[in-house]
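Student: got a predicted structure plus its sequence, pasted below:
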Amino acid sequence: MLDTLRSDKYRPKVVIFTVYLAMLIDCLLFTIVVPILPDYLIRIKDTNDTSYLDASLHRQNISNFTQLEHEQSYHEAFVSNNIPVAMLLGSKAVVQIPTGLIVSQITYRIGYSIPLFIGFIIIIVSSLLFAFATSYWTLFFARSLNGVGSGFTAVSGLGMLAETFPDNVQRGKAIALAFGGIAIGITAGPVIGGFLYSFGGIVLPFGLLAGVSLLEGGEFEYEFYFY
């Protein structure tokens with residue numbers, strides 16, 4: 001079966017599918033945090049982050065407020081976290097831009113397979129950090145690491161498509177198909193994140209995403225053997 005997938009006949013389709021999944025997973029991690037972070041920052045407390053989270057409320061304190069007081073206090077805490085949330089979300093792009101420039105030079109020397117596989121590994125680590133984060137700065141580091149993973153994934157994935165499809169028309173079709181993963185990831189990410197977070201907390205969405213990334217990374221390793 002693997003020999004069949006590695007054949008010249010099927011390899012272009014496998015490349016499209018692999019890059020599609022890479023883009024999908026990356027964009028899911030990019031957007032799945034959007035409905036989670038504002039609420040999660042209110043629920044966590046870290047003595048090192050008091051400048052950001054002093055206004056935060058915790059479940060054990062809810063009983064000390066009336067419903068109205070709780071809603072007002074929650075709103076105040078939510079508003080006070082606008083800047084930290086914006087900084088956290090924006091850290092991905094700040095890191096991804098220089099990472100992409102560096103990865104583009106790396107691919108000239110070692111090809112696209114190894115950087116793409118490294119991107120999967122980084123996404124797994126980033127997802128696990130999100131899942132078990134208990135402080136603002138852990139979340140910030142996880143988000144920044146997500147930017148590093150995106151830099152590896154996007155540059156090497158698109159480069160692999162360009163190398164596999166030298167014809168302009170075929171390359172355009174392949175990139176269009178692979179970009180479907182971006183569209184679905186951006187559209188479905190917030191919905192999936194909010195739904196899973198409401199049932200299993202922050203561990204469920206990011207743990208599930210880490211598991212999917214692990215499976216895809218393993219599948220990629222067996223298919224390409226880093227060539």
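Tutor: Nice, I can see it.
Student: and the spatially most central residue of the chain, how close does it get to Gly189?
Tutor: Centroid-nearest residue in the chain, with C-alpha atoms, centre = their mean: Leu29, separated by 2.4 Å. Going from Leu29 to Gly189 by C-beta to C-beta, to the nearest Å gives 8 Å. Just so you know, the C-beta spots here come from the backbone N, C-alpha and C atoms, and that holds for glycine as well.
Student: got the confidence number for Gly90?
Tutor: With respect to pLDDT, Gly90 scores 91.
Student: look at it and give its secondary structure.
Tutor: Here Gly90 is recorded as helix under DSSP: H, G, I helix; E, B strand; the rest coil.
Student: for Ala178, helix, strand, or coil?
Tutor: Under three-state DSSP, the three-state class of Ala178 is helix.
Student: how about the residue nearest to the centre of the chain, what does it touch?
Tutor: Ile123, Ser126, Ser127, Phe130, Asn146, Gly149, Gly189, Phe206, Leu209 (C-beta atoms under 8 Å, 6 or more residues apart in numbering).
Student: how much space between it and Pro166?
Tutor: 31 Å.
Student: what residues of stretch 110-124 count as buried?
Tutor: Buried residues in stretch 110-124, counted by 16 or more other C-beta atoms under 10 Å: 111-120, 122-124.
Student: now those residues in TSV, with distance to Pro98, secondary structure and pLDDT?
Tutor: Formatted as TSV, the buried residues of stretch 110-124 follow (distance: C-beta to C-beta, whole Å; DSSP: H, G, I helix; E, B strand; the rest coil; pLDDT from 0 to 100):
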residue	distance to Pro98	secondary structure	pLDDT
Gly111	21	coil	89
Tyr112	19	coil	90
Ser113	22	helix	88
Ile114	20	helix	90
Pro115	15	helix	92
Leu116	19	helix	91
Phe117	21	helix	90
Ile118	16	helix	92
Gly119	15	helix	92
Phe120	20	helix	91
Ile122	15	helix	94
Ile123	18	helix	94
Ile124	22	helix	93
